[in-house]
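Visitor: The sequence and its predicted three-dimensional model are supplied below.
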Protein chains: 2
Amino acid sequence: MSVTTATGFRAAGVVAGLKRSGKPDLALVVNDGPLDVAAGVFTTNRVVAAPVVWSRQAIADGAARAVVLNSGSANACTGAAGYADTVATAEKVASLLGCRAQDVLVCSTGVIGEPIAMPALLAGTEVAASELAATTQAAHWAALAIMTTDTVPKEDALTVSGSQGSWSVGGMIKGVGMLAPGMATVLGVLTTDAVVTPEVAAGVLASAAGRTVNRINSDGCMSTNDSVLLLASGASGVSPDPGELQEAVTEVLGRLGRRLVADAEGATHDIAVTVTGAVSEAAALAAARTVSSSNLLKCAVAGQDPNWGRVLAQLGTVPEEVCPFDPGQVDVAMNGVTIFAHGALGSDRSEVDMSPRETRIDISLNAGDATATVWTNDLTHGYVTINADYTT
Amino acid sequence: MSVTTATGFRAAGVVAGLKRSGKPDLALVVNDGPLDVAAGVFTTNRVVAAPVVWSRQAIADGAARAVVLNSGSANACTGAAGYADTVATAEKVASLLGCRAQDVLVCSTGVIGEPIAMPALLAGTEVAASELAATTQAAHWAALAIMTTDTVPKEDALTVSGSQGSWSVGGMIKGVGMLAPGMATVLGVLTTDAVVTPEVAAGVLASAAGRTVNRINSDGCMSTNDSVLLLASGASGVSPDPGELQEAVTEVLGRLGRRLVADAEGATHDIAVTVTGAVSEAAALAAARTVSSSNLLKCAVAGQDPNWGRVLAQLGTVPEEVCPFDPGQVDVAMNGVTIFAHGALGSDRSEVDMSPRETRIDISLNAGDATATVWTNDLTHGYVTINADYTT
């Protein structure tokens, strides 16, 4: 259940020696066709890593044959030398696969600002190319090789059976910190054996990302390297309706995104902030994003304290022009108990059970009909330990 | 060296019984004139506590005789009953002092969403009124009574000697969490015995707050109760030039703000993020505010890791239209060592000494001549403990 669930794809994950831990750190995903359709969504950060600069232009024609991904080094803020390293990586993989460098996408994740260990990386691509396989195990090694502080690999897939036959969407993703909204978030590769045009692939991926990984806000920090790619081989021979494809890609990317939250650095609670009754989806999303970014609220959830005052204090910072509402009409429920109702005290806070891992914060603005949910997680000692004690 | 350093003022701080700890929790500051000039800056949060609603309208005429402040309960999100409690508090203090309720400002800080214990509060105002004194000790008790998770009271004063005679500015402030920019931040009372008009007082306070407490970003969370007030008695008989008054008020509020950072919840490092070479002060400020809000960077500083990659990753999220710059032209120095120079690696990170409490992060955009500094602090286990384990 991963990138090789869709037919026409092979994968590999190997130890190139970029991670000091000696764990797998280089992955390769190859599309054997017949199609070579590709789409990507990338970070909106103005400081972008060399691989993002490369992959953005390489994917502009809607075609790619392979993705090479490394962990251990982000190759960000490395200047012209870093960009040359990315180009050399694409050229090396192209020569191994017998395709053009322009058809090789590159993704990197790890420490910012350190030059990538190119001899190790290039040697690793040779091993990876020799180990490419269409098996579940090969895909699993690839998912392992893109992990940084992730504690578990994250893979998923979905097979759709229709009148024309069956087709699949598979994928892998990584990311546990530096997860913030407004961009593609994290490194992810989705594959499908559906027959699809580059235009449809691009539209489907952008829409799916907007409703899934772009609605996760772990720590409010946006990465320089975020990339989510969709490759289509057409190997199933099935041309699904774009709506069906949209549904399947959104489902798989949504499940992968949910696992990012569940594995977020140090988290002990996954928090769904749902805003209902907003004047528009954009307004609901803005309010949910704002509430999900409160360190104070996230600490309270870590302490299993249903501190709805921190929900309201944060909600009040959303600009009126972005999300109109009357504070006196707002309801707030935590894990199903409405503890603030129409601008005044509701049920007693002692009725709220904060022990479940999944925490629901529901805010009714009573200003309209639109809804949005943003996932975040609590802020714990574990997050501080991971981010204070190690350079990542 | 506090609110009674300026002549014409008396203060008191007492135990009303609002804090479970039994510590002082009610303060009173009275302006005995001859002038009763007052100005205020308040939170820009849309969810505001009852005392802010009251004090905003009470100060609209530029006059006030007294400020009553309580800790232990914020009286926020308490609906119509909470507002009635604030009005009753102002009326009680007015009857004790023999002035109009409209001339009594009210400030509250503490837990959001709990009704304030009015019998205790009202009884406390009687004790406070009976203990009013123009002494340093009385002012110190007032500064103690407004503390919440502050570990030290925060007071300051400055006396200016000119050709007309000498005059003073004094003040006290509280606040250690929920410190974010774009508003007045925290509870603070400044006093002066200078002769000043309400218009000059309002302008001076707004400008001083904009350059001091509004440039502190401890945890990105904006309070519902923030209020900083300036009272002028005119008792010195000296009418300073507005520029001199501006300088003195900015100096005192700046020093008080610096102490807020130094006492921020759990902090082990005070961090000055300075952006130079911006196209405008607003652009520099936006960039400095953004960098100062990175949890990842703040954790890195806690771990004494000069992780400039996190500075750049956060800087890249500032919208181009807000702060234009070329990432390839940026320099970043930490504690004086330029570890990133013109878009590429600079000095080795091992040269940076991160052990001092005061940490300097200097970002040169090389895009213009404007500069701004925002103060923040590191994100530590102590912050998580304070905000996860206690309801505040």
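Guide: Looks like it arrived, so ask away. Residues are numbered from 1 along each chain as shown, chains lettered A, B, ... in the order given.
Visitor: for the stretch 251-392 of chain A, what spans make up the strands?
Guide: A:270-278, A:331-334, A:337-341, A:344-345, A:358-364, A:370-377 (DSSP state E, counting those that start in this stretch).
Visitor: residues near the closest residue to residue A:269 other than its chain neighbours, how many?
Guide: Ranked by Cβ to Cβ, 6 or more residues apart in numbering or on different chains and with sequence neighbours excluded, the top spatial neighbour of residue A:269 is residue A:378, at 4.3 Å. Where C-beta positions appear, they are placed from N, C-alpha and C, glycine not excepted. By other Cβ atoms under 10 Å in any protein chain shown, 26 other residues sit near residue A:378.
Visitor: One more: residue A:369?
Guide: When neighbours are defined as other Cβ under 10 Å, residue A:369 has 11 of them.
Visitor: and chain B, which of the strands of the stretch 251-392 of chain A is closest to it?
Guide: Chain B sits nearest to strand A:344-345 of all those, at 3.6 Å, using Cβ to the nearest Cβ.
Visitor: quick one, what contacts residue A:249?
Guide: A:169, A:190, A:192, A:204-205, A:208, A:230 (Cβ atoms under 8 Å, 6 or more residues apart in numbering or on different chains).
Visitor: so who does the residue of the stretch 151-300 of chain A at minimum distance from chain B touch?
Guide: Of the residues in the stretch 151-300 of chain A, the one nearest chain B is residue A:299, at a distance of 3.5 Å by Cβ to the nearest Cβ. Taking Cβ under 8 Å, 6+ apart as the definition of contact, the neighbours of residue A:299 are A:378-379, B:383-384, B:386-388.
Visitor: cutoff 6 Å now
Guide: The contact partners of residue A:299, by Cβ atoms under 6 Å, 6 or more residues apart in numbering or on different chains, come to A:379, B:384, B:387-388.
Visitor: Skipping its backbone neighbours, what lies nearest it in space?
Guide: Residue A:299's closest residue in space is residue B:387 (Cβ to Cβ, 6+ apart), at 3.5 Å.
Visitor: Show me the contacts of residue A:249 that map onto helices.
Guide: In helices, defined here by DSSP state H, the members of the contacts of residue A:249 are A:204-205, A:208.
Visitor: ok, so of those, who is nearest residue A:262?
Guide: Nearest to residue A:262 among the ones in helices among the contacts of residue A:249, counting by Cβ to Cβ, is residue A:208 at 19.1 Å.
Visitor: ok, now how distant is the closest one from residue A:42?
Guide: Counting by Cβ to Cβ, to the nearest Å, the separation of residue A:208 from residue A:42 is 15 Å.
Visitor: For these two, work out which one has more neighbours and name it.
Guide: Neighbour tally, residue A:208 and residue A:42, criterion other Cβ under 10 Å: the higher count belongs to residue A:208, 27 against 22.
Visitor: Could you verify my assumption that the more buried one touches residue A:253?
Guide: Yes - using Cβ atoms under 6 Å, residue A:208 is in contact with residue A:253, at 4.8 Å.
Visitor: how about residue A:116, secondary structure?
Guide: Classification of residue A:116 using DSSP: H, G, I helix; E, B strand; the rest coil returns coil.
Visitor: Now do the helices in the stretch 151-300 of chain A.
Guide: Listed from the start of the chain, the stretch 151-300 of chain A has helices (DSSP state H, counting those that start in this stretch) covering A:198-211, A:242-262, A:281-292, A:295-302.
Visitor: Now for whichever residue of the stretch 51-200 of chain A sits closest to chain B: which residues touch it?
Guide: Nearest to chain B in the stretch 51-200 of chain A, going by Cβ to the nearest Cβ, is residue A:112, at a distance of 2.7 Å. Contacts for residue A:112 were tallied using Cβ under 6 Å, 6+ apart; they are A:74, A:76-77, B:309.
Visitor: What pLDDT is listed against it?
Guide: The per-residue pLDDT reported for residue A:112 equals 82.
Visitor: which non-adjacent residue is nearest residue A:77?
Guide: Beyond its immediate neighbours in the sequence, the residue positioned closest to residue A:77 (Cβ to Cβ, 6+ apart) is residue A:113, lying 4.5 Å away.
Visitor: is it true that the one you found touches residue B:311?
Guide: No - counting by Cβ under 6 Å, residue A:113 does not reach residue B:311; the two are 9.9 Å apart.
Visitor: hmm, back to that, between the contacts of residue A:299, identify the one with the most neighbours.
Guide: Neighbour counts for these were taken using other Cβ under 10 Å; the highest belongs to residue A:379, with 32 neighbours.
Visitor: That one contacts residue A:298, doesn't it?
Guide: Yes - using Cβ under 6 Å, residue A:379 and residue A:298 qualify as a contacting pair, with a distance of 3.7 Å.
Visitor: hey, what's in contact with both of those two?
Guide: Residues touching both residue A:379 and residue A:298 do not exist when contact is defined as Cβ under 6 Å, 6+ apart.
Visitor: For stretch A:333-346, which outside residues touch it?
Guide: Where contact means Cβ under 6 Å, 6+ apart, the residues beyond stretch A:333-346 that reach it are A:306, A:308, A:328-329, A:331-332, A:347, A:349, A:351-353, A:360-362, B:79.
Visitor: average pLDDT across that stretch?
Guide: Here the mean pLDDT over stretch A:333-346 is 92, rounded to a whole number.
Visitor: With stretch A:360-372 instead?
Guide: Per-residue pLDDT over stretch A:360-372 has a mean of 97.
Visitor: now the end-to-end length of it.
Guide: Its start and end residues considered, stretch A:360-372 measures 13 Å (Cα to Cα, to the nearest Å).
Visitor: and it, how far from the chain's centre?
Guide: Relative to the chain's own centre, stretch A:360-372 is displaced by 25 Å; criterion: Cα atoms, centre = their mean, to the nearest Å.
Visitor: That one and chain B, any residue contact?
Guide: No - applying Cβ under 6 Å from any Cβ of the partner chain, one finds stretch A:360-372 separated from chain B by no less than 11.6 Å.
Visitor: Quick check: buried residues in that stretch?
Guide: When neighbours are counted by 16 or more other Cβ atoms under 10 Å in any protein chain shown, the buried residues of stretch A:360-372 are found to be A:360-368, A:370-372.
Visitor: cool, and stretch A:314-334?
Guide: Using 16+ other Cβ under 10 Å as the burial criterion, the residues of stretch A:314-334 that qualify are A:314-318, A:323-325, A:327, A:330-334.
Visitor: Show me those that map onto helices.
Guide: Counted as lying in helices by DSSP H, out of these, are A:314-315.
Visitor: Apart from its neighbours in sequence, what residue is nearest residue A:209?
Guide: Across the structure, with Cβ to Cβ, 6+ apart as the measure, the residue nearest residue A:209 apart from its sequence neighbours is residue A:41 (4.7 Å).
Visitor: Just the pLDDT at that neighbour, thanks.
Guide: Taking residue A:41 on its own, its pLDDT is 89.
Visitor: Check residue A:164 too.
Guide: 88.
Visitor: same thing with residue A:146?
Guide: 95.
Visitor: just checking, it touches residue A:175?
Guide: No - taking contact to mean Cβ under 6 Å, the distance of 9.2 Å between residue A:146 and residue A:175 leaves them out of contact.
Visitor: Give me the distance between stretch A:186-203 and the centre of its chain.
Guide: Between the mean C-alpha position of stretch A:186-203 and that of its chain there is a distance of 15 Å (Cα atoms, centre = their mean).
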